[in-house]
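Chemist: attaching a predicted model along with its sequence, questions to come.
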Amino acid sequence: MQRKKIKHSLRTKMTVLFSVVLLAALAACWLMNIGFLERYYIQNKQKVLVGVYQILEEASRQETMETEELLQRLSAECDRNNISLFVMGVDGQVKICTIKDYELMRHRLYNYLFGQFSPNEGSRILKEADRYMMCLNMDAHTNAEYMEMVGSLSYQEKFLVRTPLEPIRESVKLANRFLAYVGLSVLVIGALIIQILAKRIAGPLLELARLSERMSNLDFTVKFSGGRDDEVTFLGNHMNQLSQALESTISELKTANNELKRDIEQREKNDEMRKEFLSNVSHELKTPIALIQGYAEGLQECINEDAQSREFYCEVIMDEAAKMNQMVKNLLALNELEFGNEVVSMEHFDVTAMIQNMLQSTQILFEQKQVRLVFEDLAPVYVWANEYKLQEVMNNYISNALHHVDGEKIIKVTIQRQEERVRIGVFNTGRPIPEQDIEKIWDKFYKVDKARTREYGGSGVGLSIVKAIMESLHQDYGVINYDNGVEFWFCVDGRAGTEL
């Protein structure tokens, strides 16, 4: 089954979703910087200016305004925060100034002290306290905006602290620009990392999806191989257990289904065999029963009153009854073999000795038919088989050869050793079997020459018995046509040599 292509994969969705979240977070940071970073800087500068005021106030109270230690401390604080400081005593003399051009600072301070300060457009007061005021204002001399703090100390010293805002705004712009560059880099790298992480997360899920797809197609060979200790692995292990349980259950169901099919086929086969058996038996018994009935009625009606005729009638009746009896025995034996009710016991015996005994017991039959028997293999050959059943096979082969031998009238029995098997053949000179009949001679009641078979009393069951016996032993058998005759053969397991 062709796997359906996933239109919107979980990996793609996770990559897009987390990338959008990352982009939104970066955009929010950038907007926050634009909107609030300058305010944050200004508030921070206010705290710095207040800190400088506190230092000055403490020095004023302790009368340590002009000490070297204070000057170094203030100088370091001003340099670090880009602050300009100017402190003037009550006598108008400069006490502390961190820049060389202190006249500009003095003039600026005077403007505040004598009320000559006028805020420019856009200027605003940030904070007012008892001793100081903090505001944003433009300096006309420098044309720059400053944050300024002006006021008085405990001993009436006047001071002015200022810091330019332009560096703050430049810092804000630089920070926003840097954040934009860093944000884009983070976005690209983050997208790659997210894609890798999404692959690691979606990979086991995709493996589970493929596993479930193959399970739906009754393919249980694939197993989940996730190695991480998480919920997905837990689910995958349970799916492996489910797959194993389903495979075992389906295997049991298939086994039961095969057994059921075999039972049904066997039952149908048995029914066919019964029908065929009844049909063949009725056909084969019809002629001898008719003969027996006819000659019996002749005896009853005294058609021939002389003793010789009556004796002939009785011989016909007895002969036909004997044929019927033999045919019924053969049919019963064949039926038992075909139904497989008999347990075949395997024996280790000398097949050469068995064949010698059989040929000696039937020697008179060869002499009556003036047949020359050829059997030269006198060495012991041990085989694994059922001796009684092999005797039945040999009896049918030899009987069949005696009934069809012709021409030179030679019957030859051979034993050939073939590695772990032994091949036994019975050859008789005469007419070959027609090719169209070769495959049919093993069927019950099939007769190549019906007139001749009837002449010697054959029922057409012998080779069927051979077939059933050899199949019960799971061995090969067959027939071979030659120019001057026919050979029937079979094989059994065995080896040449002396008995163990």
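Modeler: Perfect, I can see it now. Residues are numbered from 1 along each chain as shown.
Chemist: would you mind measuring from residue 149 to residue 50?
Modeler: Counting by CB to CB, to the nearest Å, the separation of residue 149 from residue 50 is 8 Å. C-beta: built from backbone N, CA, C; applies to glycine.
Chemist: the two: which is more packed in?
Modeler: Shown here are residue 149 and residue 50; by other CB atoms under 10 Å, residue 149 has more neighbours (25 against 16).
Chemist: wait, is the more buried one part of a strand?
Modeler: Yes: per DSSP: H, G, I helix; E, B strand; the rest coil, residue 149 lies within a strand segment.
Chemist: if I look at it, how far off is residue 172?
Modeler: Residue 149 is 21 Å from residue 172, by CB to CB.
Chemist: for stretch 50-60, buried residues please.
Modeler: If you call a residue buried by 16 or more other CB atoms under 10 Å, then stretch 50-60 has these buried ones: 50, 52-53, 56-57, 59-60.
Chemist: which of the residues you listed fall in helices?
Modeler: Here DSSP state H is the test, and those give 50, 52-53, 56-57, 59-60 as lying in helices.
Chemist: turn those residues into TSV, including pLDDT and distance to residue 178.
Modeler: Below are those laid out as TSV (pLDDT from 0 to 100; distance: CB to CB, whole Å):
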residue	pLDDT	distance to residue 178
50	91	29
52	90	29
53	90	33
56	88	36
57	88	38
59	88	39
60	86	42
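Chemist: adding distance to residue 142, write these out as TSV.
Modeler: TSV is the format used below for these (distance: CB to CB, whole Å):
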residue	distance to residue 142
50	24
52	20
53	23
56	24
57	28
59	28
60	28
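Chemist: of those, closest to residue 77?
Modeler: If you rank those by distance to residue 77 using CB to CB, residue 52 comes first, at 6.1 Å.
Chemist: what sits against the closest one?
Modeler: 74, 77-78, 83, 85, 149, 161 (CB atoms under 8 Å, 6 or more residues apart in numbering).
Chemist: pLDDT weak spots in the stretch 351-500 of the chain?
Modeler: 377, 445, 447-460, 495-500 (pLDDT under 70).
Chemist: how about the strands in it?
Modeler: With DSSP state E, counting those that start in this stretch as the criterion, the stretch 351-500 of the chain has strands at 372-374, 381-385, 410-418, 421-429, 477-482, 485-496.
Chemist: right, so of those strands, which gets closest to residue 39?
Modeler: So among those, strand 485-496 is nearest, using CB to CB, at 103.8 Å.
Chemist: the closest one to strand 381-385, inter-axis angle?
Modeler: Counting by axes from the mean of the first three to the mean of the last three CA atoms, to 10 degrees, strand 485-496 lies at 90 degrees to strand 381-385.
Chemist: which one of the ones in helices among the buried residues of stretch 50-60 is nearest to residue 428?
Modeler: Nearest to residue 428 among these: residue 50, at 134.4 Å, using CB to CB.
Chemist: mind listing what that closest one touches?
Modeler: 134, 149.
Chemist: and it, how far from residue 212?
Modeler: On the measure of CB to CB, residue 50 and residue 212 end up 68 Å apart.
Chemist: likewise residue 51?
Modeler: Residue 51 is 68 Å from residue 212, by CB to CB.
Chemist: now residue 378
Modeler: On the measure of CB to CB, residue 378 and residue 212 end up 72 Å apart.
Chemist: kindly report the same for residue 392.
Modeler: 59 Å.
Chemist: which one's more surrounded, the two?
Modeler: Neighbour totals were compared for residue 392 and residue 212, and residue 392 leads with 19 against 12 (other CB under 10 Å).
Chemist: distance of residue 153 relative to residue 96?
Modeler: 11 Å.
Chemist: anything in contact with each of those two?
Modeler: Common neighbours of residue 153 and residue 96 (CB under 8 Å, 6+ apart) are 56, 87.
Chemist: helix or strand: which one has residue 215?
Modeler: helix 166-216 (DSSP states H and E).
Chemist: following the chain onward from that helix, which element is next?
Modeler: helix 231-300.
Chemist: any idea how far that next one is from the middle of the chain?
Modeler: 35 Å (CA atoms, centre = their mean, to the nearest Å).
Chemist: tell me which residues touch residue 390, please.
Modeler: 351, 354, 383, 469, 492.
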